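*Asks:* Next come a sequence and a model predicted from it.
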Amino acid sequence: MASIIVRGLDQALKEQLAAQAEEHGRSMEAEVRDILTKAVRRPHIGLALMRAAQGVGGVDDLPVPERDDEARAVEFE
């Protein structure tokens with residue numbers, strides 16, 4: 001299992017995390033692990049909206065254009 005170190009956390013945020021962990025009956029590390037896991041597994045909002053609209057109906061008739069453009073780097077001048 002991988003480990004990470006987060007530097008520069010505000011003391012107030014650390015205290016909030018500690019209080020939240022205590023409320024949930026787990027260590028601060030376990031609390032942060034749960035928060036991160038939920039954050040990265042959250043569904044993509046665009047896909048979630050599309051699925052919700054499909055459940056109502058009428059979305060299948062909307063045209064979805066093909067994407068044929070290529071990604072390019074931004075040039076800052």
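*Replies:* Thanks, I have it. Numbering: from 1, shown residues only.
*Asks:* going forward, measure contacts and count neighbours with C-alpha atoms only.
*Replies:* Will do.
*Asks:* Pull out the CA atoms of the helix or strand hosting residue 35 and give them to me as PDB.
*Replies:* Under the criterion of DSSP states H and E, residue 35 resides in helix 28-41. Output in PDB follows, covering the C-alpha atoms of helix 28-41 (Å, rounded to 0.1, in the frame of the first residue of the first chain):
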ATOM      1  CA  MET A  28      -7.100  10.700  11.600                       C
ATOM      2  CA  GLU A  29      -5.200   8.700   9.100                       C
ATOM      3  CA  ALA A  30      -8.300   6.400   8.500                       C
ATOM      4  CA  GLU A  31     -10.500   9.500   8.200                       C
ATOM      5  CA  VAL A  32      -8.300  11.100   5.600                       C
ATOM      6  CA  ARG A  33      -8.100   7.800   3.700                       C
ATOM      7  CA  ASP A  34     -11.900   7.600   3.700                       C
ATOM      8  CA  ILE A  35     -12.200  11.200   2.500                       C
ATOM      9  CA  LEU A  36      -9.700  10.700  -0.300                       C
ATOM     10  CA  THR A  37     -11.300   7.400  -1.400                       C
ATOM     11  CA  LYS A  38     -14.700   8.900  -1.700                       C
ATOM     12  CA  ALA A  39     -13.400  12.000  -3.500                       C
ATOM     13  CA  VAL A  40     -11.700  10.000  -6.300                       C
ATOM     14  CA  ARG A  41     -14.500   7.500  -6.700                       C
END
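*Asks:* Can you pull out the residues in contact with that helix?
*Replies:* When contacts are defined by CA atoms under 8 Å, 6 or more residues apart in numbering, helix 28-41 is touched by residues 17-18, 20-22, 24.
*Asks:* Over to stretch 10-26?
*Replies:* With CA under 8 Å, 6+ apart, stretch 10-26 has contacts from 27-28, 30-32.
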